[in-house]
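# model the following, please.
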Amino acid sequence: MVYKMIKALANFHGDYKAIDEVVLNSNTLEASSKVSFGDVKKGGVFHTHPAFIDGLTQSGGFTMNCNDSADLDVEVFINHGWESFQLFEEICAEKQYMTYTQMKEGKDNMWIGDIAVFEGDNVVASFRGIVVSCKIEGLI
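Purely as a prediction, here's the structure:
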C-alpha cells in the first residue's frame, strides 16, 4: 500500500519493494515495518545487497511522506542517507526483519531519525541519523 501511495513520486523496481507491512503513528512520526527480500534477484558481488539496505531504510521516508498530515501536492521528503550504519549480523534474503523508526524535526527542512532492525528479539542492524529533507512545491 505504501508503494501505491507514493507512486506519483517514485516508481520502485520490484527488487526494492521490500516492505510487506507498515504500522505508522502519524502523531509521533513513528513506524514499524516488516521487511523481506525473497523477491530480490540474486547476483552481483556485494557485502550487503543494495536492495537490502534500501528496503531497511525506506521506513524513514515513508514515515514522512505517508503520515496523515502529509500533502504530497505541497511537499515531499527525500532520503539523503545516514550518519552511521552498523551490521551486527548478515542480512539474508531468506529471513524476515522488523524495523522501527521515529523521525524528528531538525534544521532547514531536514528531518532526522534512527532505524533499528530486528530479526526476532535480536538487533541485527542500526542506522543512525537517517536524514530526509522536505522539498517544497515548485522546487521538485
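# how many neighbouring residues does Glu105 have?
Glu105 has 10 neighbours, counted by other Cβ atoms under 10 Å. Heads up, the C-betas are built off the backbone N, CA and C, glycines and all.
# for this structure, which strand is longest?
Ordering each strand of the chain by length in residues (DSSP state E) puts strand 122-136 first.
# by contact count, what packs against that strand?
Packed against strand 122-136 by the contact rule (3 or more Cβ pairs under 8 Å, 6 or more residues apart in numbering; DSSP states H and E) you find helix 50-65, strand 75-79, strand 84-87, strand 96-105, strand 110-119.
# weakest of these by average pLDDT?
Least confidently modelled of the helices and strands packed on strand 122-136 is strand 75-79, at a mean of 84 by mean pLDDT.
# and the closest residue to Asn109 other than its chain neighbours, what's its pLDDT?
Closest residue in space to Asn109, ignoring its immediate chain neighbours: Cys134 at 4.0 Å, by Cβ to Cβ, 6 or more residues apart in numbering. In this model, Cys134 is scored at 80, pLDDT.
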